[in-house]
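Student: Need a 3D model of the following:
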Amino acid sequence: MLKIRLEKFFALSMLSALCCLGGCYSDGDDSANRQQRTSVDIQALQTRQFECSYKVAFAAVVDVFQDLGFVIQSSDFTTGLVIAKSNVQSRESLGFSTFKPETKATWDVGTAHVEEVGHNIVSVRVSFVRHKKASYEYGSSSESSFAITDGRFYTNFFEKVDKSIFIRHNLKATANDPF
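Tutor: Here you go, the predicted structure:
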């Protein structure tokens, strides 16, 4: 009798565990799916080619960073490297507790590499890393960072670069037009 009860208990426990695990499944862009992406997938997500001069592409990348509210930390036209940091977004909690942070801060750092790969063909690779910092009572803090791998984030960035390049081409064409 005891053996039958243990077997039923074991079977119900396994069924409950399977139901819980099934409920945890998500096909969205969560951390489990981020880990499944290969470095080639991530590079494809972060890289686009544009038909324009190197100078126009470099200026467009800088413009887009600034339009998105980033501050240019460093840029080098010769190497094609641009490093930008977003404004810090912080939030203070109202309650004081050793288990809850008093202040939370989040900011993104974007790095772009612009490279001429052919005559009037430029490759732009950009990567973003999100940083989070929590400060607690008595001066302790914790910090974490992770690469942003959401495809919509990169698509939005490259659409803005494409528009900036388009505007620069049209401004140049208008300036050269005597009428």
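
Student: In a strand, Thr65, correct?
Tutor: Quick fix: residue 65 reads Phe, not Thr. No - read with DSSP: H, G, I helix; E, B strand; the rest coil, Phe65 is helix and lies in no strand.

Student: What does the pLDDT read for the residue nearest to it when sequence neighbours are not counted?
Tutor: Nearest residue to Phe65, sequence neighbours excluded (C-beta to C-beta, 6 or more residues apart in numbering): Ala84, at 4.1 Å. C-beta coordinates here come from the backbone N, C-alpha and C atoms, glycine included. Looking at Ala84, its pLDDT stands at 97.

Student: and what of the one 10 residues further on?
Tutor: The predicted local confidence for Leu94 comes out at a pLDDT of 48.

Student: Repeat that for Gly110.
Tutor: 96.

Student: Show me which residues of the host helix or strand of it are buried.
Tutor: For Gly110, the enclosing helix or strand under DSSP states H and E is strand 103-118. For strand 103-118, burial by neighbour count (16 or more other C-beta atoms under 10 Å) applies to 105, 107-116.

Student: Okay, now the sheet partners of the helix or strand just after that strand, with direction.
Tutor: Proceeding N to C from strand 103-118, the next assigned helix or strand is strand 121-135, under DSSP H and E. Next to strand 121-135 in the sheet, as set by DSSP bridges, lie strand 47-51 (antiparallel), strand 103-118 (antiparallel), strand 141-147 (antiparallel).
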